[in-house]
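>>> Just the structure for this:
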Amino acid sequence: MNSRLFECRILHDRFIPRRHRFLYRVFMLAVDLDELDLVAKNSRLLRINRGGMFSFRESDFLKTNEEVHNPSEVAPAVPRADESVPLKKRVIDFLQSRGVSDEVTRIELITMPRVAGYLFNPVAFYFCYDTEDRPVAAISEVTNTFGEMKPFLIDRTCCESGVFRLRVPKHFYVSPFSDVDVEFDFKLRPVGEKLALQIDDHADGKRTLMTVLTGNARPLRDTTLLWFTVKYPLLTLKVITAIHWQAFLLYLKKIPWFAKAARSADQRDLFQPHQSLNARPHSES
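Modelled structure (predicted):
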């Protein structure tokens with residue numbers, strides 16, 4: 001079975017305007033989208049498309065059932081698909097809409113599971129393989145605390161020495177301490193027995209923030225999930241709590257910040273837009 005767990009470390013290191021570094025430990029689920037029935041059969045603790053202590057729901061990902069918000073002129077249209085459509089098909093349709101012509105036969109998704117029904121997943125990673133099991137594309141699906149989602153595609157033309165690399169304007173609100181027009185710099189290595197994924201922020205030619213996710217594979221077994229329940233209690237709640245705690249620490253360090261509504265026009269090509277995008281900043285009222 002290709003599906004497995006990863007025991008991970010997440011490092012955030014902010015360089016500008018003041019140094020701020022923290023690290024925390026989590027576990028991630030790597031699921032082969034062709035193995036959902038097999039995972040459901042082999043695990044009593046990890047439920048597929050239904051509730052449980054740990055669960056994976058296809059409807060949580062790549063929600064393209066609405067129009068893209070504020071599409072840029074260069075971005076092709078994304079086909080709308082109901083959440084009842086299998087996730088693998090939605091991913092393939094998205095790839096084809098973005099010009100990926102390779103025949104994709106296998107897709108592996110790296111994500112956090114739902115824990116006790118709750119999910120907050122800052123970023124999920126898809127690795128897509130062709131008929132000869134060669135990686136042909138990667139997608140980084142970024143979600144903010146407002147529930148908005150933006151997928152970033154890296155195709156095989158941006159794969160160097162087995163690593164998908166792309167630097168692209170973000171145009172997305174991830175944090176009040178990171179402007180929407182900085183550049184994301186992706187370095188995504190297809191999954192093996194180790195996980196090595198990196199997303200950096202660049203502004204004015206300088207790297208301002210480094211985020212690195214590394215991990216080691218563990219078998220997808222109920223015994224492993226039981227141990228992780230003890231070792232990483234309330235995983236997804238821990239993640240959202242850590243995000244707000246670190247934001248508070250940045251505020252105490254007087255790191256400049258901005259309200260989401262202040263740059264609403266520059267937030268593009270996203271799904272599930274929050275009502276704040278329709279709000280006018282106080283300076284304009």
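
>>> And the pLDDT at the most centrally placed residue in the chain?
Most central in the chain under Cα atoms, centre = their mean is V123, positioned 1.6 Å from the mean C-alpha point. Per-residue pLDDT puts V123 at 96.

>>> H12 now?
With respect to pLDDT, H12 has a value of 93.

>>> Ok, the one 10 residues further on next?
pLDDT, F22: 88.

>>> re earlier: excluding chain neighbours, what is closest to the residue nearest to the centre of the chain?
Take V123 and drop its neighbours on the chain: the residue closest to it by Cβ to Cβ, 6 or more residues apart in numbering is V142, 5.1 Å away. The way it works is simple: take the backbone N, C-alpha and C, and place the C-beta from them, glycine included.

>>> residues contacting that neighbour?
Neighbouring residues of V142 by Cβ atoms under 8 Å, 6 or more residues apart in numbering: P122, V123, M149, K150, P151, F152, F172, V174.

>>> Mind putting these into JSON lines with secondary structure and distance to I10?
Converted to JSON lines, the contacts of V142 look like this (DSSP: H, G, I helix; E, B strand; the rest coil; distance: Cβ to Cβ, whole Å):
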{"residue": "P122", "secondary structure": "coil", "distance to I10": "9"}
{"residue": "V123", "secondary structure": "strand", "distance to I10": "10"}
{"residue": "M149", "secondary structure": "strand", "distance to I10": "19"}
{"residue": "K150", "secondary structure": "strand", "distance to I10": "20"}
{"residue": "P151", "secondary structure": "strand", "distance to I10": "20"}
{"residue": "F152", "secondary structure": "strand", "distance to I10": "18"}
{"residue": "F172", "secondary structure": "coil", "distance to I10": "19"}
{"residue": "V174", "secondary structure": "coil", "distance to I10": "15"}
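
>>> Selection in PyMOL covering whichever of the residues you listed are buried, please.
This is the PyMOL syntax for the buried subset of these, where burial follows 16 or more other Cβ atoms under 10 Å:
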select buried, resi 122+123+149+150+151+152+172+174
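
>>> Would you indicate which residues of stretch 156-167 are buried?
For stretch 156-167, the neighbour count (16+ other Cβ under 10 Å) marks R156, C158, C159, V163, F164, R165, L166 as buried.

>>> In a strand, the fifth one, correct?
So that's F164. Yes. Counting by DSSP: H, G, I helix; E, B strand; the rest coil, one finds F164 located in a strand.

>>> Report pLDDT for it.
At F164, the pLDDT value in this model is 97.

>>> So it is in contact with L188, correct?
Yes. With contact defined as Cβ atoms under 8 Å, F164 counts as touching L188 (4.4 Å).

>>> mean confidence for the longest helix seen in the chain?
If you go by DSSP state H, the chain has its longest helix at helix 235-252. In this model, helix 235-252 has an average pLDDT of 81.

>>> Give me the contacts around that helix.
Contact with helix 235-252 is made by 12, 14, 20, 22, 24, 26-27, 112-115, 118-122, 145, 175-177, 228, 232, 257, as judged by Cβ under 8 Å, 6+ apart.

>>> Going through those residues, which ones are buried?
Applying 16+ other Cβ under 10 Å to the contacts of helix 235-252 flags 12, 14, 20, 26-27, 112-115, 119-122, 145, 175-177, 228, 232 as buried.

>>> Mark which of the residues you listed are part of helices, please.
Using DSSP H, the subset of those located in helices is F228.

>>> So P233 versus V239, what's the distance?
Computed as Cβ to Cβ, to the nearest Å, the P233 to V239 distance reads 12 Å.

>>> The two: who's more crowded?
V239 (19 against 10; other Cβ atoms under 10 Å).

>>> ok, that one to K260 distance?
Counting by Cβ to Cβ, the gap from V239 to K260 is 20 Å.

>>> Then T229?
Taking Cβ to Cβ as the measure, T229 falls 35 Å from K260.

>>> Could you check which of these two has the larger neighbour count?
Between T229 and K260, K260 has the larger neighbour count (other Cβ under 10 Å), namely 19 against 16.

>>> ok, that one touching Q275?
No. Assessed by Cβ under 8 Å, K260 is found out of contact with Q275, at 10.2 Å.

>>> where exactly do the helices run in the chain?
Along the chain, counting by DSSP H, helices occupy 36-42, 87-97, 222-231, 235-252.

>>> All set, thanks.
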